[in-house]
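1. I need the structure of the sequence given here:
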Amino acid sequence: MKLHRFFVTQNLEEKDTVFVDEPNLFHQLRNVFRFTVGGQVILLDNSGYEYHSLISAFEKGGITFSIVSRKTSKKIPEKEVYLFCSLIKKDKFEWVLEKGTELGISKFIPVISDRSEKKDINIERAKKILKEAAEQSERAIIPTLDPLVSLETALKQEIPLIAFHPKGEPFLAEHVYSKSLLGVFIGPEGGWTEREIFLFKKNKVPIYSLGKGILKTETAAIAASSLLLL
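-> A predicted model of the protein is given here:
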């Protein structure tokens, strides 16, 4: 039987019971899914563990769970990929967050580039999307979302980095096969500017192509994520 999965804010390690006073979760279980006492769920505390739990009681302001067992999740990605994605229109960027989470992206870093269509992001809404996508795709750790940064700041990351651009060298899996941690830059609509290409080269960031076609930002982000993680 497939059980519904829910992230909670409490640390569940070494607990037999836990009281969760989160109104949204109470509403979901009681009013949306119509759970009753004895109902079974998987609770997640963002530690990489899954906690098989039973609903012991619905109380004023929260729910008491009995924790039956704990196991390590099998859905932790083998490779850590940080996605540096140029900020695009709200609905498209949120789609990247959702699908990137499903594919196994570990961290999202929104980047303001020369051709970015937007200059801000609703962090609270974005984190809600990441949480729900992680629950749906059976991940036990929610990807992190860093604050919005400039390309210059993003390039200061002390991890292996690559960038994608239509005029780059054709991408081959062996370029990154041995790397367990990798940062990937995806450009805005219209691509990286000459100034930004110069910055990548100055910082010795390899530039690769995803093929002969011109892809939209959201398509390129998911294509790159799939190549690196699946």
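2. any idea where the strands of this structure begin and end?
-> All strands of the chain, identified by DSSP state E, fall at 5-7, 17-20, 40-44, 49-59, 62-72, 80-86, 107-112, 144-145, 149-150, 161-170, 181-186, 207-209.
3. in CSV, list these along with distance to Leu229 and mean pLDDT.
-> C-beta coordinates here come from the backbone N, C-alpha and C atoms, glycine included. CSV is the format used below for the strands of the chain (distance: least, CB to CB, whole Å; pLDDT from 0 to 100):
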stretch, distance to Leu229, mean pLDDT
strand 5-7, 20, 97
strand 17-20, 31, 96
strand 40-44, 20, 98
strand 49-59, 21, 97
strand 62-72, 19, 97
strand 80-86, 6, 97
strand 107-112, 13, 97
strand 144-145, 16, 97
strand 149-150, 23, 96
strand 161-170, 14, 94
strand 181-186, 10, 97
strand 207-209, 16, 95
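4. so which bits of stretch 15-26 are buried?
-> For stretch 15-26, burial by neighbour count (16 or more other CB atoms under 10 Å) applies to 15, 18, 20, 22, 25-26.
5. quick one: distance of that stretch to the chain centre.
-> Taking CA atoms, centre = their mean, to the nearest Å, one finds stretch 15-26 lying 24 Å from the centre of the chain it belongs to.
6. run through who's touching that stretch.
-> By CB atoms under 8 Å, 6 or more residues apart in numbering, the list of residues contacting stretch 15-26 from outside reads 6, 8-10, 12, 43, 53, 56, 58-59, 61-67.
7. same check, this time on stretch 124-139
-> Contacts of stretch 124-139 (CB under 8 Å, 6+ apart): 5-7, 44, 73, 75-76, 94, 97-99, 101-102, 104, 108, 140-143, 145.
8. just the buried ones among those, please.
-> Counted by 16+ other CB under 10 Å, the contacts of stretch 124-139 give 5-7, 44, 94, 97-99, 101-102, 104, 108, 140-143, 145 as buried.
9. what's the domain layout of the chain?
-> The chain breaks down by automatic domain parsing into domains covering 5-72, 80-229.
10. right, so those: which one is the most enclosed?
-> Of the domains of the chain, the one with the most neighbours on average (mean count of other CB atoms under 10 Å) is domain 80-229, at a mean of 17.
11. end to end on it, go ahead and measure it.
-> For domain 80-229, the first-to-last residue distance is 9 Å (CA to CA, to the nearest Å).
12. and if you look at stretch 101-117?
-> End-to-end distance for stretch 101-117: 23 Å, by CA to CA.
13. what of stretch 28-38?
-> 16 Å.
14. contact partners of that stretch?
-> Contacts with stretch 28-38, where a contact means CB under 8 Å, 6+ apart, come from 4, 6, 39, 41, 54-58, 63.
15. which residues does Phe185 form beta bridges with?
-> Taking DSSP bridges as the rule, Phe185 bridges to Phe84, Ala163.
16. wait, doesn't it sit right on Ala154?
-> Yes - if you go by CB atoms under 8 Å, Phe185 and Ala154 touch, sitting 7.4 Å apart.
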